[in-house]
Each structure stands twice: as structure tokens, then as C-alpha cells.
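Visitor: Sequence plus the predicted model coming up.
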Amino acid sequence: AHVNPEEFRLMIHGKVKREVVLTLDEIKKYPSETRIHFIECPANGSTGWRGPQFNNLQFMKGMMSSAEWTGVMLKTILDDIGLEDDAVWMLSVGSDNASNPRTIPVEKALDDAMLVWAQNGEALRPEQGYPLRLLVPGWEGNLN
């Protein structure tokens, strides 16, 4: 989906002490970090992907990548707005066409999850989640 960065908003609500709706500029005011992480598609090497169009190395073993990601640690924002003591799970819903909302344990979100706006030193491309994506290091790609 095409997203105008000027109209982009991130809503965080639920088991938090202060619900927020943040613009991209507001998110970028938090301290940023740059880290290198791998992402791998959970279907990498899956027999369910067999077919002539997938009979190449890219689809058999290549649905993974390593990149330099720049953004804010999710923990930084959650610490700022405050989590309720009984918060255990987080639901992430993106504006992409996947229609695949996912949950992750709050413990993981507080560990090393990031909200990233740059990959390899440039703004995210639309196919990579422009203008902002959740990055969950070490977890299957469809959580990111």
C-alpha cells in the first residue's frame, strides 16, 4: 500500500499508561540506533513452494537477507508511555497488503524489537515497509 509519510501515524494503545498516536517525525525524535540483523522467510526451503516459477536458488534457499537497520528501540517508546504491569502480549498490525496481524510477547518487544525507518543507510523502500516497519530480530520474517 502507498503510504504518504506526512499522513503516517503509529497508534499504541491497550495495556499502556498513556495511549499515543505518533507521526513519523515524532518517532524520529527518539534516540535512534543502527544494528545489523537477519530476516528469513518462514517458507524458506518449504516443499509447499514447489513449482516451476520457484525452481531456483532464490526461492529454495534465498528468502533471507542481512541488512543494516536504523530506527528506535520499541522499548524506548514503551518506557516513555508506560506499560501496564499485566501487559504480556503485543499485537502488531501494519498497513501492508498482507492482512497478517501478528502477536509477540511483550518480553521480546522490550528485548530487541525496533521500529525502523531506514535500511542500509537509506529510507525504507515500499517493498520493505516504508515508511516504518517493526523489526523483530531472530524471529521469522512475517513477524517483521
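Guide: Okay, I see it. Residues are numbered from 1 along each chain as shown.

Visitor: tell me what the longest helix anywhere in the chain is packed against?
Guide: Secondary structure of the chain per DSSP state H: the longest helix is helix 74-81. Contact analysis of helix 74-81 by 3 or more Cβ pairs under 8 Å, 6 or more residues apart in numbering; DSSP states H and E lists strand 9-12, helix 106-111, strand 114-119 as its packing neighbours. Where C-beta positions appear, they are placed from N, C-alpha and C, glycine not excepted.

Visitor: I'd like those written out as CSV, with mean neighbour count added.
Guide: CSV is the format used below for the helices and strands packed on helix 74-81 (neighbours: other Cβ atoms under 10 Å):
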stretch, mean neighbour count
strand 9-12, 14
helix 106-111, 17
strand 114-119, 22
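
Visitor: mind giving me TSV with these and columns for mean pLDDT and distance to residue 140?
Guide: Compiled in TSV, the helices and strands packed on helix 74-81 are given as follows (pLDDT from 0 to 100; distance: least, Cβ to Cβ, whole Å):
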stretch	mean pLDDT	distance to residue 140
strand 9-12	96	22
helix 106-111	96	12
strand 114-119	97	16
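
Visitor: Of all the ones you listed, which one comes closest to residue 138?
Guide: Within these, the stretch nearest residue 138 is helix 106-111; the backing value is 8.6 Å (Cβ to Cβ).

Visitor: Off-centre distance for the closest one?
Guide: Centroid displacement of helix 106-111 relative to its chain, using Cα atoms, centre = their mean, to the nearest Å, is 13 Å.

Visitor: returning to what we had before: now the following helix or strand past the longest helix of the chain: mean pLDDT?
Guide: As assigned by DSSP states H and E, the chain's next helix or strand after helix 74-81 is strand 89-92. Regarding strand 89-92, the rounded mean pLDDT is 92.

Visitor: Which strands or helices does strand 89-92 pack on?
Guide: strand 102-105, helix 106-111.

Visitor: Looking at strand pairing, list the partners for residue 89.
Guide: residue 105 (DSSP bridges).

Visitor: Would you confirm that it contacts residue 107?
Guide: No: shown here, residue 89 and residue 107 do not form a contact pair, counting by Cβ atoms under 8 Å, at 9.6 Å.

Visitor: still on that earlier bit, ok, which of the helices and strands packed on helix 74-81 comes nearest residue 33?
Guide: strand 114-119 (7.2 Å).
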